[in-house]
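In: The sequence isn't on hand, but the structure is:
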């Protein structure tokens, strides 16, 4: 089984969504917030 990291609070989720909308890059967004690109993809939904 995969190991889950820390939960992302609602404020950070909104920041990730806004940053991703502005830059359009999962990799760049992930790097800025210290999460994986797959986490960014999951948060976008």
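Out: Structure received. Because the structure is predicted, anything quoted here is derived from the model rather than measured.
In: In stretch 28-45, which of the residues would be classed as buried?
Out: For stretch 28-45, a neighbour-count test (16 or more other CB atoms under 10 Å) marks 29-30, 33, 35, 39-40, 43 as buried. Heads up, the C-betas are built off the backbone N, CA and C, glycines and all.
In: ok, of the residues you listed, which one's closest to residue 14?
Out: Lowest distance from residue 14 to the buried residues of stretch 28-45 (CB to CB) belongs to residue 43, with 9.2 Å.
In: Name the SS class of that closest one, please.
Out: Here residue 43 is recorded as helix under DSSP: H, G, I helix; E, B strand; the rest coil.
In: low-confidence ranges in the chain?
Out: 1-2 (pLDDT under 70).
In: which ones among the buried residues of stretch 28-45 are found in strands?
Out: With strands defined by DSSP state E, no entry of the buried residues of stretch 28-45 lies inside them.
In: can you tell me which of these are in helices?
Out: Of the positions in the buried residues of stretch 28-45, 29-30, 33, 39-40, 43 sit in helices, assigned by DSSP state H.
In: Now distance to residue 13 too, for those, in TSV please.
Out: Formatted as TSV, those follow (distance: CB to CB, whole Å):
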residue	distance to residue 13
29	12
30	14
33	10
39	10
40	10
43	5
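In: Quick check, residue 8 in contact with residue 36.
Out: No - contact criterion CB atoms under 8 Å: residue 8 and residue 36 do not qualify, at 11.4 Å.
In: Looking at the chain, which helix is longest?
Out: Longest helix in the chain, counting by DSSP H: helix 10-23.
In: In it, which residues are buried?
Out: By neighbour count with 16+ other CB under 10 Å, helix 10-23 contains the buried residues 15-16, 19-20.
In: now, which of those residues sits nearest residue 3?
Out: Nearest member of those to residue 3, counting by CB to CB, is residue 16, at 20.6 Å.
In: Report the spatially closest residue to that closest one, excluding sequence-adjacent ones.
Out: Distance criterion CB to CB, 6 or more residues apart in numbering; nearest residue to residue 16, sequence neighbours excluded, is residue 43 at 4.9 Å.
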